[in-house]
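from the sequence below, what's the structure:
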Amino acid sequence: MKVEQIYTGCLAQGAYYIESAGEAAIIDPLRESQSYINKAEKEGAKIKYIFETHFHADFVSGHVDLSSKTGAKIVYGPGAKADFEFHEAKDGEWFEIGEVKIKALHTPGHTLESTTYLLVDEAGKEHAIFSGDTLFIGDVGRPDLAQKGDMTQDDLAAMLYDSLRNQIMPLSDDIIVYPAHGAGSACGKNMSKETSDLLGNQKKSNYALRADMTKEEFVKEVTDGLLPPPQYFAQNVAMNKSETAGLDQILEKGNVPLDIATFEAYANHEGALVLDTRPQSDFIKGHIPNSIFIGINGNFAPWVGALVTDLQQEIVFIAPEGKEEEVVTRLSRVGYDNTLGYLEGGFEAWKSAGKDVADMVSISADQFEEEMKNKELNILDVRKPGEFEAEHIKDADTFPLDFINDNMHQLEHGKEYHVHCLGGYRSVIAASILKSRGYHDVIDIAGGWNAIKKTSIPTTEFVCPSEG
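This is a model prediction of the structure:
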């Protein structure tokens, strides 16, 4: 038996390859199906099943394309409904892969069809669970994504409580937990950086698995502090329920070089978004006017999903040399399939052609400190609300990047703003968006909060109110 976790850090997502006696199964595959086919062929195995733990919201799965190329059967949990052919597993149903077995455990709560898959090895020993978004390491899935009609997030949280206690917690402590996500995913609140663990450890350390926890306490703790989900989540769910195009087709259309004239025509006359995916230091030095920075070296796809509100948006992009296919692939993972191509020769070709170039003002934390001594500044902290609440610059305004499209109206044209995040990536994204919308007096603070903390700039820490 072989079990391999295929972890994609930029999405904080875990897919799984299970193989036994010449047969294989894939759990929660990403969109690029060929990599799984290549792996099975290398091992001399045939992919028999594609197990989906639920309809994913944070990425577009490759289940339909993988099934069409291999003949493997797609399996979802009870109650699943989709536009393609799949097997709807019953709670407790067994599936054989070579000499091992997988049992479907219906675990609703994150979504109604959510299912955990229990792997039993050749000797009949329960080896691992593939828990999807039902159980993470250190956390559980958010219960607010599948609200419909009279079904509230509290109702779903109550279901999740029952699923964990009836289906998962009775299992042996030495079973390995393989979740669908780790730290950085928006599918939970506070996941561990670890991507697997023993169930026994989780029973001791995961707040949601406390043995003495009542259902009411669970509902309150799981729903407390939930931020609105990223806007692309609902659109990705819809795509995962339909027959989406394979990555091959998307690359054929989007991974193409564009000369400057064609690039300009797409951007200026057809309304394509100009996306600059180079390192932030390069973008600061010079970029195409009104382009948006989201660097390929950061959490690229989730930030595109959070900030580009229309999945049908046509996109042309600038990429570091050799990264063009990666950009198109990562955009497709979150459903942005209308990439039209990249600027041939990159930004250097644009500059060499004598085209207009913009830059961004970026100052050090020490320079920022000096400016604060001389005048009152408008400071935008674009970190997440929880980061801001923990500690922030005195008199700074919280302006989370996640919600910049909703909060833009709070700013004034012609006013100067100093922008910072934790390390500098998010602040450059925010500044590029503001500049593209006509807020030209935007100054980035290089190094963000990490650099600011090393100065003597006054900060405010969150203080818990005393009890009594």
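
okay, now Glu217: neighbour count?
Using other Cβ atoms under 10 Å, Glu217 is surrounded by 13 other residues. Bear in mind the C-beta positions are built from the backbone N, C-alpha and C, glycine included.

that's a helix at it, yeah?
Yes - using DSSP: H, G, I helix; E, B strand; the rest coil, the assignment for Glu217 is a helix.

how about Leu118, secondary structure?
strand.

residues touching the nearest residue to it once chain neighbours are set aside, list them.
Closest residue in space to Leu118, ignoring its immediate chain neighbours: Lys103 at 4.3 Å, by Cβ to Cβ, 6 or more residues apart in numbering. Lys103 is in contact with Gly92, Glu93, Trp94, Phe95, Tyr117, Leu118, Val120, counting by Cβ atoms under 8 Å, 6 or more residues apart in numbering.

what subset of those is buried?
A residue is treated as buried here by neighbour count (16 or more other Cβ atoms under 10 Å); on that basis the buried members of those are Glu93, Phe95, Tyr117, Leu118, Val120.

the second one and Val237, how far apart?
The one in question is Phe95. 24 Å (Cβ to Cβ, to the nearest Å).

returning to what we had before: which one of the contacts of Lys103 is nearest Gly141?
Tyr117 (15.1 Å; Cβ to Cβ).

from Ile102, how far off is the closest one?
Relative to Ile102, Tyr117 is positioned 5 Å away (Cβ to Cβ).

between those two, which contacts overlap?
When Cβ under 8 Å, 6+ apart defines a contact, the residues bordering Tyr117 and Ile102 alike are Phe51.

just to revisit the earlier point, would a markdown table of the buried ones among the contacts of Lys103 with distance to Ala146 and pLDDT be doable?
Compiled in a markdown table, the buried ones among the contacts of Lys103 are given as follows (distance: Cβ to Cβ, whole Å; pLDDT from 0 to 100):
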| residue | distance to Ala146 | pLDDT |
| --- | --- | --- |
| Glu93 | 22 | 98 |
| Phe95 | 24 | 98 |
| Tyr117 | 19 | 98 |
| Leu118 | 23 | 98 |
| Val120 | 29 | 98 |
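
closest one to Thr339 out of these, please.
Using Cβ to Cβ, the shortest approach to Thr339 within those belongs to Tyr117, at 33.6 Å.

thought that closest one was touching Lys101?
No - the pair Tyr117 / Lys101 is not scored as a contact, 10.3 Å apart, by Cβ atoms under 8 Å.

over to the nearest residue to Gly414 once chain neighbours are set aside: give its phi and psi.
Closest residue to Gly414 apart from its sequence neighbours, by Cβ to Cβ, 6+ apart: Asp441 at 7.0 Å. Summarising the backbone geometry of Asp441 under the convention degrees, to the nearest 10, its torsions are phi -90, psi 70.

now do Lys415
phi -90, psi 140.

ditto for the one 4 residues further on
Dihedral pair for Val419: phi -120, psi 140, per degrees, to the nearest 10.

how many neighbours does it have?
26.

which ones are touching it?
With contacts defined as Cβ under 8 Å, 6+ apart, the neighbours of Val419 are Ile379, Leu380, Val382, Phe399, Ser427, Ala430, Ala431, Leu434, Val442, Ile443, Asp444, Ile445.

from those residues, which ones fall inside strands?
Filtering the contacts of Val419 for membership in strands, criterion DSSP state E, returns Ile379, Leu380, Val442, Ile443, Asp444, Ile445.

distance of the last one from Pro385?
Between Ile445 and Pro385 the computed distance is 19 Å (Cβ to Cβ).

so between these two, which is more surrounded?
Set Ile445 next to Pro385 and count neighbours by other Cβ under 10 Å: Ile445 wins out with 27 against 14.

quick check: closest non-adjacent residue to that one.
When the adjacent residues along the chain are set aside, Ile445 lies closest to His420, with 4.0 Å between them (Cβ to Cβ, 6+ apart).

tell me which residues touch the one you found, please.
Contact criterion Cβ under 8 Å, 6+ apart gives Ile379, Leu380, Asp381, Val382, Ile393, Ser427, Asp444, Ile445, Gly448, Trp449, Ile452 as the residues in contact with His420.

give the buried residues for stretch 340-349.
Along stretch 340-349, these residues count as buried under the neighbour rule (16+ other Cβ under 10 Å): Leu340, Gly341, Tyr342, Leu343, Gly345, Gly346, Phe347.

that concludes my questions; thank you for your assistance.
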